[in-house]
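> sequence and computational prediction follow.
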Amino acid sequence: MTDSKYFTTTKKGEIFELKAELNSDKKEKKKEAVKKVIASMTVGKDVSALFPDVVNCMQTDNLELKKLVYLYLMNYAKSQPDMAIMAVNTFVKDCEDPNPLIRALAVRTMGCIRVDKITEYLCEPLRKCLKDEDPYVRKTAAVCVAKLHDINAQLVEDQGFLDTLKDLISDSNPMVVANAVAALSEIAESHPNSNLLDLNPQTINKLLTALNECTEWGQIFILDCLANYTPRDDRESQSICERVTPRLSHANSAVVLSAVKVLMKFMEMLPKDLDYYGTLLKKLAPPLVTLLSAEPELQYVALRNINLIVQRRPEIMKHEMKVFFVKYNDPIYVKLEKLDIMIRLASQANIAQVLAELKEYATEVDVDFVRKAVRAIGRCAIKVEQSAERCVSTLLDLIQTKVNYVVQEAIVVIKDIFRKYPNKYESVIATLCENLDSLDEPEARAAMIWIVGEYAERIDNADELLESFLEGFHDESTQVQLQLLTAIVKLFLKKPTETQELVQQVLSLATQDSDNPDLRDRGYIYWRLLSTDPVAAKEVVLAEKPLISEETDLIEPTLLEELICHIGTLASVYHKPPSAFVEGSRGVQHKRLPGSAGSGESVDSPETTSTAGVSDAPPAVIPSQGDLLGDLLNLDLTPTTAGPPPPAPSSGMQLGGMDLLGGGLDSLLGGDLGGTPAIGAGFGAAPAALPASFSAPVSGGLDDLFDLGGGVGMPMGAYSPPKSVWLPAMKAKGLEISGTFARRAGVIQMEMTLTNKAMSVMTDFAIQFNRNSFGLSPAGPLQVLTPLSPNQSIEVALPLNTSGPVMKMDPLNNLQVAVKNNIDVFYFSCQYPISMLFVEDGKMERQIFLATWKDIPNDNESQFQIKDCHLSSDAASNKLQGSNIFTIAKRTVDGQDMLYQSMKLTNGIWVLAELRIQAGNPNYTISLKCRAAEVSQCVFQSYEAVLKN
């Protein structure tokens, strides 16, 4: 009879009966009872009440029974830690059993019982098993060390198990070597800075020797370990490649991909003129092609990896185009991936067969695949210039089929072809215009509108075409509305006399009738431009566009390097670094390819480039990424409720860079709208009732556009340092952050420019500060309300308060910041000028000033020189007052002006100053007194910055 009988029971007093059977004298009955217990446990019944009875069954010579009891023990030890200690003696005894299978079973189970109380008892048996004569026991014990390290890392280090593991790398049995490598790699991942796997040429040689005799999974462990090694020179690199190459012909696809990963990494160090380099390239293609004859799921994994390899080294697969041709019975996910690789491999040599194939795909029945195929034809045209004409005629043939979705995709890609090859294929515009009525998808409508606006001078009825879109303006998607607004403004600038009414209509729709801030802002910018300076408007709107690049969807180089180092893992399938999808990835290291031969880049040397004011390494005090990620992911999702909201800036500008012109149209046009603002002929006059808040300053790049000066609510002369780059794009996967700090109307602001220099859209921004000297923390969420597209920048003003946790930093004004987006969490540190913390009520009464000056000990007085400053004492006093440094009194002694000044920090600390200015002498002397003397250095730096700017 089969084991299924153990799962079918209708008994009521089941636990009681099992208890009796477990305590039976008959061995067979005991065994049957334990099987029933395990069956109940498997289906989710709680049989923990039987713990002592099951543990009593451990004392047996029957291997099958012992395995079952150990299985039960692993499952329930955590919930019954006190009872589990009863089993310790049996473990210790079993670790000395003459049968190696029982010894290994005991040590394996010990590693799986995750109970702190037991771990210390297991050290002695584990030590013996690590030195056991039987390799099966040693290999099991090696893995047990990694498990024990996960429970209690300190214990493993104190007991010297890590050194024993390192010794096992030199073991005579290849399986023991593989398991030791696997265990050390596992431990090293959770402790990235510990140099556990101290790889040197001798160790590498041992690993390569073991590689030939291991099981397939042992080979994968060893190959993954080899991939983390950086050879000393190209000769060592070549030697390792030669010994790894035979793995390419292994039957297991995981071994093949691990070998490819090692070879891809070490090829970086081989000179390209070396004969072996060419040989290696030829050897890499066949195993990758073989992977494509497996089942679809494996094919997909192989294709995702090949996609990365082709982006890094297209020459490997350049002669293998045919294997990527789509088969009729391929699943859609395989088809789309093959299509993507075909485009990457397209070149002048093979473009004819690629185009013929793509045209065939465009007549398939699968809509998603057809769309992708049509788009692929456009990408070929952009990539291979010689084929552009053939691609355009192929697209025109497809448009003639009148299949709706084919026509729409064709129009989208033709727009890109026009961008790549201006003034070459515009003859096809007439054909495109014929299909105007059939367009119902936003992207296709937007592309068609762009074409009409861009080539309005060549289309006789351009105004009629655009007017037809205008009829349902409010029903269109934002993408179409924005494109329509721009297209009509272009048309107006090209044909001003005929289209004045049309442009008035669209500007009115965009600004008055729309509640979309992006659309409204663009409408006002055009309106303002056209009404003040039509010539400037022409230069801005009709400026020559940069040619689009060949490959817009290439993975950015730094990410590609990292993904190449993760070939054969989930990262290579997702095309994302592990840190993006491994939860609590405290140990995920960012890997890089070694410097290529002859590049002069030292392999081990850290990057020498650094940016002023940006610390290169994550600051020591910032918690590790895992700790911080948990908090950051909960950040900024709800409005802050604690405490009153931060004071609004004095102008109508809404922080966060969205509605630049303030609280809706009512405030903008000064209350009641009263009909459409009239527009003078040729836009000579500004809109009627010019927006009230145009007089209010507008942040960022709009200052010059609206011809306005000054900052938001800023007292005259307040100093804010110029923006500097805090987080360079190369350190943040394409996100660049530059910024500065400002105090505006009593609110401290962190003003940042976020620039997306990556290839993918960035969303879900959040920010968090580490503890700092003055408790600076965000007063609200980071307002980035629209996705940040590639090559786009956005200005963000983040209000800060000083109610956060405090910890003294070095230097005192250092601020450590973590910024999260949909890609990763990034860290940087910057320094804020301490003048941002000087409050508005920092003016001391004269008598109190005098008493305080005398009261502060002389040891707390610091003296500094401010050099090359050419201001009079009155000018200096006015300038400093703008930054809340108040002059209490002034006296002149022997032609020298003495200014006595006070300032108060947000945490209530007072700083007193005596500034001596001698007429004709560009060097000032400043004496500072403060009960917290460490503040003086920062205050002096602020004085210097304010007076010299």
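Everything's here; your move. Residues are numbered from 1 along each chain as shown.
> going by C-alpha atoms from here, please, whenever you check contacts or count neighbours.
Fine.
> residue 376 and residue 344 touch, don't they?
No - Residue 376 lies out of contact with residue 344 (C-alpha atoms under 8 Å); the separation is 10.1 Å.
> neighbour-wise, which of those two wins?
When residue 376 and residue 344 are compared on other C-alpha atoms under 10 Å, the one with more neighbours turns out to be residue 376, at 23 against 19.
> could you check how many residues crowd around residue 293?
So residue 293, with other C-alpha under 10 Å, has 11 neighbours.
> whoops, residue 488 was the one
For residue 488, the count of nearby residues is 30 (other C-alpha under 10 Å).
> mind listing what it touches?
Residues near residue 488 by C-alpha atoms under 8 Å, 6 or more residues apart in numbering: 453, 463, 466, 502-503, 506.
> with only the CA atoms kept, save the helix or strand harbouring it in PDB.
Per DSSP states H and E, residue 488 falls inside helix 478-494. Extracted C-alpha coordinates of helix 478-494, given in PDB (Å, rounded to 0.1, in the frame of the first residue of the first chain):
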ATOM      1  CA  THR A 478      -2.500  65.200 -21.600                       C
ATOM      2  CA  GLN A 479       0.100  63.900 -24.100                       C
ATOM      3  CA  VAL A 480      -2.100  65.000 -27.000                       C
ATOM      4  CA  GLN A 481      -3.100  68.300 -25.400                       C
ATOM      5  CA  LEU A 482       0.500  69.400 -24.800                       C
ATOM      6  CA  GLN A 483       1.500  68.400 -28.300                       C
ATOM      7  CA  LEU A 484      -1.500  70.200 -29.800                       C
ATOM      8  CA  LEU A 485      -0.700  73.400 -27.900                       C
ATOM      9  CA  THR A 486       2.900  73.300 -29.100                       C
ATOM     10  CA  ALA A 487       1.900  72.500 -32.700                       C
ATOM     11  CA  ILE A 488      -0.600  75.400 -32.900                       C
ATOM     12  CA  VAL A 489       2.000  77.800 -31.500                       C
ATOM     13  CA  LYS A 490       4.500  76.600 -34.200                       C
ATOM     14  CA  LEU A 491       1.800  77.000 -36.800                       C
ATOM     15  CA  PHE A 492       1.100  80.600 -35.600                       C
ATOM     16  CA  LEU A 493       4.800  81.500 -35.700                       C
ATOM     17  CA  LYS A 494       5.000  80.200 -39.300                       C
END
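> and the next element down the chain from that helix?
helix 500-511.
> identify each buried residue in that following helix, please.
For helix 500-511, burial by neighbour count (16 or more other C-alpha atoms under 10 Å) applies to 500, 502-504, 506-511.
> how far off helix 478-494 does it point, in degrees?
In terms of direction (axes from the mean of the first three to the mean of the last three C-alpha atoms, to 10 degrees), helix 500-511 departs from helix 478-494 by 150 degrees.
> and the strands in this structure?
724-727, 735-744, 747-756, 766-769, 777-778, 793-801, 814-820, 825-831, 861-866, 886-893, 896-904, 910-918, 924-930 (DSSP state E).
> okay, these in TSV with mean neighbour count, mean pLDDT and distance to residue 82 next?
Listed next are the strands of the chain as TSV, based on neighbours: other C-alpha atoms under 10 Å; pLDDT from 0 to 100; distance: least, C-alpha to C-alpha, whole Å:
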stretch	mean neighbour count	mean pLDDT	distance to residue 82
strand 724-727	22	92	52
strand 735-744	22	92	52
strand 747-756	21	92	55
strand 766-769	21	91	43
strand 777-778	22	92	46
strand 793-801	21	91	50
strand 814-820	20	92	43
strand 825-831	20	91	42
strand 861-866	16	89	64
strand 886-893	16	89	69
strand 896-904	22	91	60
strand 910-918	22	91	60
strand 924-930	20	91	60
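> for residue 163, find the nearest of these.
Residue 163 lies closest to strand 825-831 among those, at 34.3 Å (C-alpha to C-alpha).
> list the strands paired with the closest one, with their directions.
Applying DSSP bridges, strand 825-831 is found paired with strand 814-820 (antiparallel).
> next, the angle from the partner strand to strand 735-744.
130 degrees.
> contacting residues around strand 814-820?
Contacts with strand 814-820, where a contact means C-alpha under 8 Å, 6+ apart, come from 619, 622, 632-633, 764-773, 825-832.
> try it again with 7 Å
For strand 814-820, the external contacting residues (C-alpha atoms under 7 Å, 6 or more residues apart in numbering) are 622, 632, 765-770, 772, 825-832.
> tell me which of the strands of the chain lies nearest to residue 363.
Ranking the strands of the chain by proximity to residue 363 (C-alpha to C-alpha) places strand 747-756 first, at 37.5 Å.
> and the closest one, what other elements does it pack with?
Packed against strand 747-756 by the contact rule (3 or more C-alpha pairs under 7 Å, 6 or more residues apart in numbering; DSSP states H and E) you find strand 735-744, strand 793-801.
> which helices and strands does the longest one pack with?
Under the contact criterion of 3+ C-alpha pairs under 7 Å, 6+ apart, the helices and strands touching strand 735-744 comprise strand 724-727, strand 747-756.
> strands paired with the shortest one, and their directions?
When you say that, I think you mean strand 724-727. strand 735-744 (antiparallel).
> give me the angle between the strand it pairs with and strand 793-801.
Counting by the same axes, to 10 degrees, strand 735-744 lies at 50 degrees to strand 793-801.
> what about stretch 39-50, start to end distance?
13 Å (C-alpha to C-alpha, to the nearest Å).
> I meant stretch 155-168, not that one.
Using C-alpha to C-alpha, first and last residues of stretch 155-168 are 19 Å apart.
> pLDDT on it, on average?
Averaged across stretch 155-168, the pLDDT comes to 83.
> buried residues in it, which are they?
For stretch 155-168, a neighbour-count test (16+ other C-alpha under 10 Å) marks 156, 161-162, 164-166, 168 as buried.
> save the residues you listed as TSV, and put in distance to residue 544 too.
Output for those, formatted as TSV (distance: C-alpha to C-alpha, whole Å):
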residue	distance to residue 544
156	66
161	67
162	64
164	68
165	65
166	63
168	66
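> where does the protein have low pLDDT?
Residues of the chain meeting the criterion pLDDT under 70: 1-13, 192-195, 549-553, 584-590, 595-717.
> give the closest residue to residue 389 in space, chain neighbours not counted.
Excluding the flanking residues, the one nearest residue 389 by C-alpha to C-alpha, 6 or more residues apart in numbering is residue 381, at 7.6 Å.
> what sits against that neighbour?
Counting by C-alpha under 7 Å, 6+ apart, residue 381 has contacts 387-388, 391, 417.
> in helices, which of those fall?
388, 391, 417 (DSSP state H).
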